[in-house]
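*Asks:* got a predicted model here, sequence first, then my questions.
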Amino acid sequence: MTATSPNPVNVRRTPQRPDRTFLLVLFFVVTSAILLVSHNAPVRDSLGSLGNLLKNPIVEALTVSLFLANVLFAHLWRAAPWAKLLVGIGSLLFVLPLAGREDTSLLDLSIQIMIFAALALGLNIVVGLAGLLDLGYVAFFAVGAYTWGVFASPRFAEILKYFGEHPGGTNLSTLFLGLLLTAITAGSMVYINRLGQRTAPTALSTWSFRAASLGLIAGLILTVRAIAVLMSGQAGSLANGIDPSFFWLFLALSIFAAAVVGVLIGLPVLRLKGDYLAIITLGLGEVIRVLANNLDLYTAGSQGITPIKSASVPWFNAIAGALGFTEDQHYLLFLYFLVLVVIAGILLVNIRLDQSRIGRAWIAIRDDEVAAQAMGVPLVQTKLIAFATGASFAGVMGMIFAAKQTFISPESFNLFQSIGVLSMVILGGMGSFPGVILGAAVVTLLNLRILPGLGEATSQLGLNQNVNPAQLQRLIFGVILVAMMLLRPEGLLPSRRRTLELHHDEDQDDRLDALPSANASALDKTGGMK
Amino acid sequence: MDFATLLPFLVNVIVGGLVLGLVYAIIALGYTMVYGVLQLINFAHSEVFVTGAVVGFEVFRVLQNVALNGYLKLLIALVAAMIVSGLLNVTIERLAYRPLRNAPRLVPLITAIGVSLILQDVLRVIEGFQGRFDLTYTLPAGFASPLCGPGSSCEGFGRFLQANQSSLQLKDMILLVVALVSLFGLNYLVNRTRLGKAIRAVAQDRVTAGLMGIDSDRMISATFLIGGALGGISGVLFGMKFGTVNAYSGFDPGIIAFTAAVLGGIGSIPGAVLGGLALGVIQNLIGVTNVLGSVVGSANLEAIDASYQRIGAFIVLVLILIFKPTGLLGKSNVEKV
């Protein structure tokens, strides 16, 4: 950012945009009607050839994206607040579930879009805000998925059975030893850390901290092992995994587990420069996948884990049943609302973080690491927070993904998924929250509806499987990445900061005016920061 | 297997690793040269290399029933692969990287990943239209026969190899010769010619080189041409060595070769060769760890199979970057290309 004029925004206010309340409501009504009609089999069939057209997956992708555009327009357009609220709440809380009641695949699709939107929001923190290119992001998704998958499936009983047959000298005293070791080492780590805040760290304190962390790991392993052995007697009663009421506890656990893995992966590699970091994270992502593939006892290897339980929520099922949802739709509908709540939470955290001290520190690091360090931003710590935050979003979504699919295998978490999420972030605009959600919706629709639709459409041509459009996801991702980087590196819905950064040599004032002033207040802050 | 047969077994594994390592070394040169001039990890290099392998496959397939000397066919395949891969690499640079010369560093890197993905599917579609996915090389007669077989001039050496369970074939020797010739050729080009001097100048300091009258854009194109041509050669050699390639098979050798480049010190030609050889041996050793495990009697080692080869490269990469980020031969006064 070149600081030519002190604050361009205050000099020239963006002109007032026309009020579009009426248009917004009209658009909402029309697209909702189309969505409801096209997903209601009896009504659709009564429409004859038009109904057949609506059944086509490409047309379906179109109707869904038109419908989702509602939410986008409610965000972008200037309209009365009641209309914005009506459109936002109406479309996500009422119309979409209502259409999903007639067509379960729509519910599935919306959950999928929102899971990827959450992943994209998480990666956006790492790539878009902190400027760390993470190509192994899906590893954290896997951690979350396996955290729930291992415990809420028959796998858990198998693991307990194995430890029951191979106790290896573990007994009750091991448990006490493990707990004691954990407590002592954790306590001493906290103590050393406290000391370090008052005085400069010495060689002794550094090494004792390292020794204590090793002791902590050993203590935890001993404890977990002892618990597994002691619990092995219950393998029979846990044949289908733990009780679904643990779902909520594990929701918190998966966040924690993914964040811890994020810190563990981040610690050694975050000192590296951008491009080395990219290739290392790519590698560590693959390492986690290969481990999942090879640790047969815990992950069942390439066979995958199934069936994975979902939460049991009788009160929710009762409401859903009263609203006319069939039995097998209950868990999807529940997950739909859960994802909606979680993504709202993630969005809130994102927005608050972006405007906080830590968010500004991330952006400072992204723009110039050396300058940021000189200004007193602790590099490794700030990067670690970015890594852990992004990872925790992926972790919670991984768990929901496992519950939705009821089946996970290492193949769900390959490098290709990471690149897919990256292309969502790039398409929407690095650092822009509405942008990455848009990117997630577009890419997911492309992947799940348009490409298979094209494949179906061309299947009559007798094309070879290798040239089937449904198989050309790499090409699509590649074209998105290259085209966006060459033509519009700030993304479809750019964040203001990013635009300024990428076009700093062009005429700034024109750029500013051309932008939709989605959050003019944030811009004032940017101006004030200089 | 007992300890008596273990020694020749290990020697064979290491020799095989060195031969494989030469291929990695040539791929690594493509990464290291481009990194030298642009400080960009050219993710698309693995696809440039696979393109070479595909061209080699096509040449051998077309010439399958033509009565030509096998070595002549190989020469045609190598030259064709060099031309196609070299031009492809130059085109990629011209279209995708040059417009981003002054962009933030993440931007060309992401572009490179995208180009790599695009090329994977383009190659797949090109071969897919002819109903192929896995491309199996049809090598000229005799290439796959054991080295120094009965009736050849070095029969005695052949018997010695056989007695020690060596699986070296004629194509391994060809690979060795081609690889060494290209390495020495590159060394001459970079260190003894005006072009090489200009490339080194651009790698050292693009702006200053420009002030001395060197057209840095042309030199960067030349670097991509040379790197791509090396990628083409290594593609043909890789195809010959493993027999089968497909559009997606560039990823693993690409990562290993990049690791080799970093291990040797990125930007350094001898470093890339050293790193390639080391990685080749490491890869082969990981591949037989389960055999070693069964000899030593360690169940943990036995569980390590070839699927860990990929991890091996990454772990080496992490360790180097943490403990010696400049690589083995990368010093501050290192000769950069």
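*Replies:* All right, it came through fine. Numbers count the residues shown, from 1 in each chain, chains lettered A, B, ... in the order given.

*Asks:* please count neighbours and contacts with C-alpha atoms only from this point.
*Replies:* Will do.

*Asks:* near chain B, which residues of the stretch 101-250 of chain A show up?
*Replies:* Within the stretch 101-250 of chain A, the residues that sit near chain B (CA under 8 Å from any CA of the partner chain) are A:131, A:133.

*Asks:* which residue does the stretch 101-250 of chain A bring closest to chain B?
*Replies:* residue A:133 (7.3 Å; CA to the nearest CA).

*Asks:* give me the three-state assignment for that residue.
*Replies:* Per DSSP: H, G, I helix; E, B strand; the rest coil, the local secondary structure of residue A:133 is coil.

*Asks:* what parts of chain B come near chain A?
*Replies:* B:40-41, B:96, B:99-100, B:103-122, B:124-125, B:128-129, B:131-133, B:307-308, B:311, B:314, B:317-318, B:321-322.

*Asks:* filter these to the buried ones?
*Replies:* In the residues of chain B next to chain A, burial by neighbour count holds for B:40-41, B:96, B:100, B:103, B:106-122, B:124-125, B:128, B:132-133, B:308, B:311, B:314, B:317-318, B:321, counting by 16 or more other CA atoms under 10 Å in any protein chain shown.

*Asks:* among these, which ones are in helices?
*Replies:* When DSSP state H defines the helices, the subset of those inside them is B:106-122, B:124-125, B:128, B:311, B:314, B:317-318, B:321.

*Asks:* spell out which parts of the stretch 251-400 of chain A neighbour chain B.
*Replies:* Taking CA under 8 Å from any CA as the contact definition, the stretch 251-400 of chain A meets chain B at A:268, A:269, A:272, A:274, A:275, A:280, A:283, A:284, A:286, A:287, A:290.

*Asks:* if any of the residues you listed are buried, put those into a ChimeraX selection.
*Replies:* To isolate the buried ones among these in ChimeraX, judged by 16+ other CA under 10 Å, type:
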select /A:269,274,275,280,283,284,286,287,290
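
*Asks:* in strands, which of the residues of the stretch 251-400 of chain A next to chain B appear?
*Replies:* Among those, DSSP state E puts none in strands.

*Asks:* and the furthest pair within the residues of the stretch 251-400 of chain A next to chain B?
*Replies:* For these, the farthest-apart pair by CA to CA is A:274 and A:290; their separation is 24.4 Å.

*Asks:* give the contact list for residue B:216.
*Replies:* B:202, B:206, B:209, B:210 (CA atoms under 8 Å, 6 or more residues apart in numbering or on different chains).

*Asks:* apologies, that question was intended for residue A:180.
*Replies:* residue A:219.

*Asks:* where's it, which helix or strand?
*Replies:* Here residue A:180, judged by DSSP states H and E, is contained in helix A:172-198.

*Asks:* residue A:340 contacts residue A:113, correct?
*Replies:* No: Residue A:340 is beyond contact range of residue A:113, at 10.7 Å (criterion: CA atoms under 8 Å).

*Asks:* out of those two, which sits in the busier spot?
*Replies:* Applying other CA atoms under 10 Å in any protein chain shown to residue A:340 and residue A:113 shows that residue A:113 carries more neighbours, namely 22 against 19.

*Asks:* helices of chain B, start to end?
*Replies:* B:3-38, B:45-62, B:70-92, B:106-128, B:155-163, B:170-192, B:194-204, B:206-211, B:216-242, B:251-264, B:269-287, B:289-296, B:299-302, B:309-323.

*Asks:* who are the packing partners of the second one?
*Replies:* Based on contacts counted as 3 or more CA pairs under 8 Å, 6 or more residues apart in numbering or on different chains; DSSP states H and E, the elements that helix B:45-62 packs against are helix B:3-38, helix B:70-92, helix B:106-128, strand B:135-136, helix B:216-242, strand B:244-245, helix B:251-264.

*Asks:* turn these into JSON lines, including mean pLDDT.
*Replies:* Formatted as JSON lines, these follow (pLDDT from 0 to 100):
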{"stretch": "helix B:3-38", "mean pLDDT": "88"}
{"stretch": "helix B:70-92", "mean pLDDT": "95"}
{"stretch": "helix B:106-128", "mean pLDDT": "92"}
{"stretch": "strand B:135-136", "mean pLDDT": "89"}
{"stretch": "helix B:216-242", "mean pLDDT": "94"}
{"stretch": "strand B:244-245", "mean pLDDT": "91"}
{"stretch": "helix B:251-264", "mean pLDDT": "89"}
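
*Asks:* the ones you listed: which one's closest to residue A:216?
*Replies:* Of the helices and strands packed on helix B:45-62, nearest to residue A:216 by CA to CA is helix B:251-264, at 32.8 Å.

*Asks:* pull the distance from that closest one to the chain's centre.
*Replies:* Centre-to-centre, helix B:251-264 and its host chain are 8 Å apart (CA atoms, centre = their mean, to the nearest Å).

*Asks:* between that helix and helix B:216-242, how many degrees?
*Replies:* Orientation check (axes from the mean of the first three to the mean of the last three CA atoms, to 10 degrees): helix B:251-264 against helix B:216-242 gives 120 degrees.

*Asks:* in helix B:251-264, what counts as buried?
*Replies:* Residues of helix B:251-264 classed as buried: B:251, B:253-264 (neighbour count, 16+ other CA under 10 Å).

*Asks:* show me what it is packed up against.
*Replies:* Applying 3+ CA pairs under 8 Å, 6+ apart, one finds that helix B:251-264 makes contact with helix B:3-38, helix B:45-62, helix B:269-287, helix B:309-323.

*Asks:* which residue, other than its chain neighbours, is closest to residue B:256?
*Replies:* residue B:313 (5.7 Å; CA to CA, 6 or more residues apart in numbering or on different chains).

*Asks:* do I have it right that that neighbour meets residue B:279?
*Replies:* Yes: using CA under 8 Å, residue B:313 is in contact with residue B:279, at 7.3 Å.

*Asks:* what touches both of these two?
*Replies:* B:256, B:259.

*Asks:* can you tell me the helix or strand for the residue nearest to residue A:267 when sequence neighbours are not counted?
*Replies:* With sequence-adjacent residues excluded and distances taken as CA to CA, 6+ apart, residue A:267 is closest to residue A:384, at 7.1 Å. Assigned by DSSP H and E, residue A:384 belongs to helix A:379-405.

*Asks:* and that helix, what does it pack onto?
*Replies:* helix A:104-123, helix A:138-151, helix A:247-269, helix A:330-354, helix A:357-367, helix A:369-374.

*Asks:* on contacts alone, who are the packing partners of the helix or strand hosting residue A:99?
*Replies:* Element membership of residue A:99 [criterion: DSSP H and E] is helix A:96-102. Using 3+ CA pairs under 8 Å, 6+ apart as the contact test, the elements touching helix A:96-102 are helix A:21-38, helix A:104-123.

*Asks:* how about the shortest one: buried residues?
*Replies:* Taking 16+ other CA under 10 Å as the basis for neighbour counts, the residues of helix A:21-38 that come out buried are A:21, A:24-25, A:27-29, A:31-32, A:34-38.
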